[in-house]
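> Sequence and predicted structure are below.
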Amino acid sequence: MAAAVALVVSVLALSAMAKAGSPIVQYIFGDSLTEVGNNNYLASLAKANYPWYGIDYPSGITGRFTNGRTIGDILSEKLGVPSPPAYLSLSQNDDAILQGVNYASGGSGILNQTGVYFVQCLSFHQQIDYFEATKNAIKGKIGEQAAEKLVNNAIFYIGVGSNDFVNNFLQPFMPDAQQYDSDTFIDYLMSTLDGQLTRLHSLGARKIVYNGLGPMGCIPSQRVRTSTGECLESVNSLALKFNSALKAKTKELNSRLPDADFTVADIYSIVLDLIMNPATYGFKYANTSCCNVDGTLGGLCLPNTRLCSSRHDYVFWDAYHPSDAANVVIAEKLFNDPDLQIGARANGYSAPPSPKPQRKYRKAPPRMP
């Protein structure tokens, strides 16, 4: 009886808040560019829960792969809502799931086999599995009809695919590198994505912003592979081919799936301009990272590495990830992109503001030394 009364109260509150205007709900999927701490709870080699990561983040070390905020954090700030917490930090019955969840995991890819040498990470497929569990938990809280409406009006950010190249196809010892050429590998990725995005749609996702790939050949870990330290244009070409195929795929899905509003963010142009014209945005260095890492051996910012003196001068934090300052520039351009209309997409019906839910965090394993 008590459970029934609680359900009725939740649904009535949901209806009232829908009329009054309610907070924005975001579900975030991706890799280390958007992770906020899921890998802290995994037996993964891809972790950022140690110095110097988080040195400029308000609460310090969280598992974010940068010195401060991710692009997702900054977009949340611009939308006026908290950045969604890591899925693995929450209990299934946590009220926070009504306001958004971050499933992103460093090392992950579209393909389950991507990132296998990190031992453990959440592939895009696994992240969708966890979203399905989240939706079922939401149904238990507010009922099936209200849960469907909440999810239909939520905004879904997806940023996954770079690891499928950098840590899979471009690694000669990986089976996919031996089995496919670039065209057939991208076809494989698109076929897999078709099933994944169709599944998300069947679970209620309607508004999806998919971040295309950036100029991967210009990140420090790829530059060190050339004798001159210049961008690897062959790798950039792969990103452009992927992005072109992704745009065609989302167009096809929009025409095939009822009420689908899937769009692709042009990260490539934004980041390439930032790298080629750093001074325009107030940066001094775009060809190396603030954290003095060996891009040929992992490329992460370990506690014994040396930091630059002025972190805001660098586009890159480590061999793979942008700095907080660069993420601000990227997020600003994404937010103001008239083709994306992030603010308009996000300001649909969403969850009622819970009375400051008490999050029940799982205990994280000890930080790496």
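Looks like it arrived, so ask away. Numbering: from 1, shown residues only.

> Wait, Gly159 touches Ser32, no?
No: counting by C-beta atoms under 8 Å, Gly159 does not reach Ser32; the two are 9.7 Å apart. (Each C-beta comes from the backbone N, C-alpha and C, glycine too.)

> And the strands in the stretch 101-250 of the chain?
Taking DSSP state E, counting those that start in this stretch as the test, the strands found in the stretch 101-250 of the chain are 155-159, 207-211.

> quick one: strands adjacent to the last one?
Same thing as strand 207-211. Partner strands and pairing direction for strand 207-211 (DSSP bridges) are strand 155-159 (parallel), strand 261-265 (parallel).

> Asn39: which of those is closest?
Asn39 lies closest to strand 155-159 among those, at 15.5 Å (C-beta to C-beta).

> roughly how far is the closest one from the heart of the chain?
7 Å (C-alpha atoms, centre = their mean, to the nearest Å).

> Stretch 329-343: which residues count as buried?
Val329, Ile330, Ala331, Glu332, Lys333, Leu334, Phe335, Leu340, Ile342 (16 or more other C-beta atoms under 10 Å).

> possible to save these as a markdown table with distance to Pro215?
Output for the buried residues of stretch 329-343, formatted as a markdown table (distance: C-beta to C-beta, whole Å):
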| residue | distance to Pro215 |
| --- | --- |
| Val329 | 15 |
| Ile330 | 12 |
| Ala331 | 17 |
| Glu332 | 19 |
| Lys333 | 15 |
| Leu334 | 16 |
| Phe335 | 21 |
| Leu340 | 19 |
| Ile342 | 22 |
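
> which among those gets closest to Phe65?
Nearest member of the buried residues of stretch 329-343 to Phe65, counting by C-beta to C-beta, is Ile330, at 14.4 Å.

> most tightly surrounded among the strands paired with strand 207-211?
strand 155-159 (a mean of 25; mean count of other C-beta atoms under 10 Å).

> What lies in contact with it?
For strand 155-159, the external contacting residues (C-beta atoms under 8 Å, 6 or more residues apart in numbering) are 24-31, 33-34, 71-72, 75, 104, 124, 200, 205, 207-211, 267, 342, 345-346, 348.

> Could I get the strands paired with strand 207-211 in a markdown table, plus columns for distance to Pro85 and mean pLDDT?
What follows is these, written out as a markdown table (distance: least, C-beta to C-beta, whole Å; pLDDT from 0 to 100):
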| stretch | distance to Pro85 | mean pLDDT |
| --- | --- | --- |
| strand 155-159 | 15 | 98 |
| strand 261-265 | 23 | 97 |
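
> Neighbours of the nearest residue to Lys284 once chain neighbours are set aside, how many?
Of all residues not flanking Lys284 in the chain, Asp313 sits nearest, at 4.2 Å (C-beta to C-beta, 6 or more residues apart in numbering). Neighbourhood size, Asp313 [other C-beta atoms under 10 Å]: 16.

> Asp313 contacts Thr288, correct?
No: in this structure Asp313 lies outside contact range of Thr288 using C-beta under 8 Å: 10.9 Å.

> Next, find the distance separating Arg199 from Ser310.
45 Å (C-beta to C-beta, to the nearest Å).

> More neighbours: these two, which one.
Arg199 (15 against 11).

> Who are the contact partners of that one?
Ile128.

> re earlier: CSV for the strands paired with strand 207-211, including distance to Asp318?
Converted to CSV, the strands paired with strand 207-211 look like this (distance: least, C-beta to C-beta, whole Å):
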stretch, distance to Asp318
strand 155-159, 17
strand 261-265, 23
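
> From the contacts of strand 155-159, list just the buried residues.
So, of these, 24-31, 33-34, 71-72, 75, 104, 124, 200, 205, 207-211, 267, 342, 345-346, 348 end up buried under the neighbour-count rule (16+ other C-beta under 10 Å).

> quick one: Leu150 from Phe156, how far?
12 Å.

> shared neighbours of these two, anything?
Counting by C-beta under 8 Å, 6+ apart, nothing touches both Leu150 and Phe156.

> for the protein, which spans come out with low pLDDT?
In the prediction, the chain carries residues with pLDDT under 70 at positions 1-22, 294-297, 348-369.

> make it 80
Counting by pLDDT under 80, the ranges of the chain that qualify are 1-23, 294-298, 347-369.

> can you give me the helices for it?
Here the chain has its helices, by DSSP state H, at 2-20, 71-79, 124-142, 144-153, 162-164, 175-179, 182-202, 220-223, 233-256, 267-276, 324-335, 342-346.
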